[in-house]
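Trainee: following is a predicted model, sequence given first.
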Amino acid sequence: MSNIRHNWTKEEIIEIYNKPMMELLYEAATVHRVHHDPNTVQVSTLLSIKTGGCPEDCGYCPQAARYHTDIEGNDLMTVSHVKAQALRAKASGSSRVCMGAAWRNVKDGPEFDQVLEMVRTINKLDMEVCCTLGMVTENQAKRLAEAGLYAYNHNLDSSEEYYKEVISTRGYEDRLETIDNVRKTNVTVCSGGIIGMGESVEDRAGMLVALSTLNPQPESVPINALVAVDGTPLENEKPVEIWEMIRMVATTRIVMPETQVRLSAGRTNMSREGQAMCFFAGANSIFAGDKLLTTPNPDVNEDMKMFELLGLNPQKPFTKKVQPKTVEATDSQYQSLGEKPKWSRPDHTIERNEQAKEKMKEAVLAKKQ
Ligand code: SAM
Ligand code: DTB
Ligand code: SF4
């Protein structure tokens, strides 16, 4: 019988999170060993296929057009460029490519068709393909599945309560609906969040309640430490302490035993020892490659040295689930519907987001003068 619980309460999760460190580590490592090989870590390479110029106001994100960051936006990458990058990632030991686009949601049309072709191309390289493109409808999720998508990343980011303090242009329920749309297909769900945005332990636990009560639980959960980028509303948040990351990873492992827990953004601030503690506490996946989407990540060679030092082996592709089949565009059962879904726009005011937007306006004015 499965011992996966879908009824975790916030109080129970807070209690786990606050356990004495040695007990927490022992419990998490014990759960980890029952469900996973503790010496295997999945390696995923991020690829920003469409950078910058995003209309959303996510307070953490350097790609939001309304904030004054150094990001140079560009058009959607070509399929051949993506293929070349995927081959590089494969050669350096990655089993998965995760393609990110600075979009609010997927729109039917030539750009989405191009992304579907990217999915087909990478799946044919026998690598797991993940996309993170914003909100998707059921039909769009089905088209991605048909193309051979292995995973879809869509983060809840924080608790429902704290989400409102960070983002005003889209709602938590839209995030949940997108995850639900992905669940109607064979594509696995990757959903996690960020710590270090000024949220409380209660908010961290709230996010873990939202994720762990999904049935089935997400196949992977990325835990990001905020990368505080100049010009974003969260630019002055203080760095996450390693102990908080370890607690978050360990708690995630305990409440979602079968999930792959990914050490995501923020690894450049973590020592090898710190990361080793996270692997011991149940993290079994990383984002590799010199860049995340727009911000730095540890050097690939440094990561490989760390793996060697710790006796870790990169996970082979399709270890957890069989490779999906790719259906060619010409044989596709699902067509573009030209949908115009009504994703919500709460549009409440977040003071620090407004201030960051004002700074951007001032910078544009100053440039003109
Ligand atoms: N635009 C799509 C969306 O928001 O769903 C996909 C790309 S978006 C950059 C993917 C995720 O990256 C976000 O949900 C957030 O969790 C994470 N992220 C973005 N900026 C970050 C930062 N500065 N630090 C940590 N994580 C970040
Ligand atoms: C996730 O949870 N983290 C990744 C991936 N999913 C798309 C993105 C991290 C982005 C960090 C900031 C940047 O590089 O722009
Ligand atoms: Fe846009 Fe995604 Fe960044 Fe939000 S997190 S601003 S939706 S790219």
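Mentor: Structure's in. What do you need? Numbering: from 1, shown residues only. Ligands and ions are numbered 1, 2, ... in the order given.
Trainee: as a whole number, average confidence for the strand ranked longest in the chain?
Mentor: Across the chain, the longest stretch assigned as strand under DSSP state E is strand 40-50. For strand 40-50, mean pLDDT is 98.
Trainee: contacts for the helix or strand just after that strand?
Mentor: Counting by DSSP states H and E, the next helix or strand C-terminal to strand 40-50 is helix 79-91. Residues from elsewhere that reach helix 79-91 (CB atoms under 8 Å, 6 or more residues apart in numbering): 45, 47, 49, 97, 99, 114, 117-118, 121-122, 125, 127, 288-289. To be clear about C-beta, it is placed using only N, CA and C from the backbone, and glycine gets the same treatment.
Trainee: of those, which belong to helices?
Mentor: Within the contacts of helix 79-91, residues falling in helices by DSSP state H are 114, 117, 118, 121, 122.
Trainee: contacts only, for residue 119.
Mentor: 129, 131, 144, 147, 148, 149, 326.
Trainee: 6 Å instead?
Mentor: Residues counted as contacts of residue 119 (CB atoms under 6 Å, 6 or more residues apart in numbering) are 129, 147, 148, 149.
Trainee: and residue 69, by the same measure?
Mentor: Listed by CB under 6 Å, 6+ apart, the contact set of residue 69 reads 62, 229, 231.
Trainee: returning to what we had before: distance from the longest strand of the chain to the middle of the chain?
Mentor: Centroid displacement of strand 40-50 relative to its chain, using CA atoms, centre = their mean, to the nearest Å, is 10 Å.
Trainee: give the buried residues for it.
Mentor: 41, 42, 43, 44, 45, 46, 47, 48, 49, 50 (16 or more other CB atoms under 10 Å).
Trainee: ok, and of these, which contact ligand 2?
Mentor: residue 46 (CB under 6 Å from any ligand atom).
Trainee: ok, and the most crowded of the contacts of residue 69?
Mentor: Ranked by the number of neighbours (other CB atoms under 10 Å), the contacts of residue 69 place residue 62 first, at 23 neighbours.
Trainee: that one is in contact with residue 70, isn't it?
Mentor: No. Residue 62 is beyond contact range of residue 70, at 7.8 Å (criterion: CB atoms under 6 Å).
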